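Participant: 3D, please:
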Amino acid sequence: MKRYIFLLILIFIVVALSSCSGDKRPRYKNLAFEFLLKYNPSWEVKERISSAIVAFLAPKQNDLDFFQETVTITVQELLEPISLSKYTSAVVEQTKAMKMIKDVDVGVIESSPLTLSGVPAHKLIYTLTQYGNPPQAVKAGILPSVDAEGTTIKIMLVWAIRRSKVYLITFVSQGDGYDAHLKDVEGMLQSFRFM
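Facilitator: As a prediction, the model looks like this:
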């Protein structure tokens with residue numbers, strides 16, 4: 001009998017300790033769009049930025065870091081039902097079509113299915129390089145006329161369709177920021193839940 005009581009106490013202690021050492025990341029919850037996720041507490045959270053419901057901004061690496069890696073979540077109401085595969089084909093084709101824009105290069109790195117909170121989803125990773133600056137900005141004197149090296153950003157898109165809405169999670173990075181923050185972004189994706 002004493003052995004069973006000791007075993008029960010030991011199990012209780014193990015369970016209590018494991019729940020105490022759980023995930024300490026803060027949780028972002030959006031009741032209107034029925035989702036939640038956990039994020040690194042060093043990231044800044046801003047709601048309603050342009051078309052995004054929420055944006056998570058990575059901490060700056062130093063004072064000269066003018067580009068903050070960002071994760072945004074947007075939700076778009078579908079006007080008519082569409083399958084995930086048709087939506088995916090349209091997004092991939094639109095991404096590849098950006099090559100037709102003058103002084104822009106697009107390189108698709110990965111296009112693969114996955115699940116987001118148990119819902120079928122898709123992930124697209126690509127680079128976008130712009131050579132030169134927009135003529136309007138050059139004419140206004142805002143930007144120089146020649147930028148031979150080009151500016152490259154790396155983008156990860158993850159989307160799922162749920163209840164006639166497209167949930168789109170976008171991670172935008174520059175330089176080594178993609179690899180530096182990928183673990184945090186993957187943590188957000190793994191913790192994402194529909195409510």
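
Participant: Would you map the strands across this structure?
Facilitator: Applying DSSP state E to the chain gives strands spanning 27-30, 35-38, 44-49, 52-57, 70-77, 104-116, 119-130, 151-162, 165-174, 193-194.

Participant: Run through the residues that contact the nearest residue to Val92 once chain neighbours are set aside.
Facilitator: The shortest distance from Val92 to any non-neighbouring residue, by Cβ to Cβ, 6 or more residues apart in numbering, is to Ser111 (5.9 Å). The C-beta positions use only the backbone N, C-alpha and C, and glycine is treated the same way. Taking Cβ atoms under 8 Å, 6 or more residues apart in numbering, we find Ser111 in contact with 88, 92, 122-125.

Participant: Recalculate using a threshold of 10 Å.
Facilitator: 88, 91-92, 95, 122-126, 157 (Cβ atoms under 10 Å, 6 or more residues apart in numbering).

Participant: Distance to Pro81 and neighbour count added to those residues, as a markdown table?
Facilitator: Below are these laid out as a markdown table (distance: Cβ to Cβ, whole Å; neighbours: other Cβ atoms under 10 Å):
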| residue | distance to Pro81 | neighbour count |
| --- | --- | --- |
| Thr88 | 15 | 20 |
| Val91 | 17 | 17 |
| Val92 | 20 | 16 |
| Thr95 | 23 | 17 |
| His122 | 17 | 21 |
| Lys123 | 22 | 17 |
| Leu124 | 22 | 18 |
| Ile125 | 27 | 17 |
| Tyr126 | 27 | 19 |
| Leu157 | 21 | 18 |
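
Participant: tell me which of the residues you listed is nearest to Ala32?
Facilitator: Leu157 (22.2 Å; Cβ to Cβ).

Participant: measure the closest residue to that closest one other than its chain neighbours to Thr95 for me?
Facilitator: Nearest residue to Leu157 in three dimensions, chain neighbours excluded: Leu124, at 4.6 Å (Cβ to Cβ, 6+ apart). Separation of Leu124 from Thr95 (Cβ to Cβ, to the nearest Å): 7 Å.

Participant: any common contacting residues for those two?
Facilitator: By Cβ under 10 Å, 6+ apart, the residues touching both Leu124 and Thr95 are 108, 111, 155, 157.

Participant: from memory the last one sits against Phe171, does it?
Facilitator: Yes. Using Cβ atoms under 10 Å, Leu157 is in contact with Phe171, at 8.0 Å.

Participant: list the residues that contact both of the two?
Facilitator: Joint contacts of Leu157 and Phe171 (Cβ under 10 Å, 6+ apart) are Ile125.
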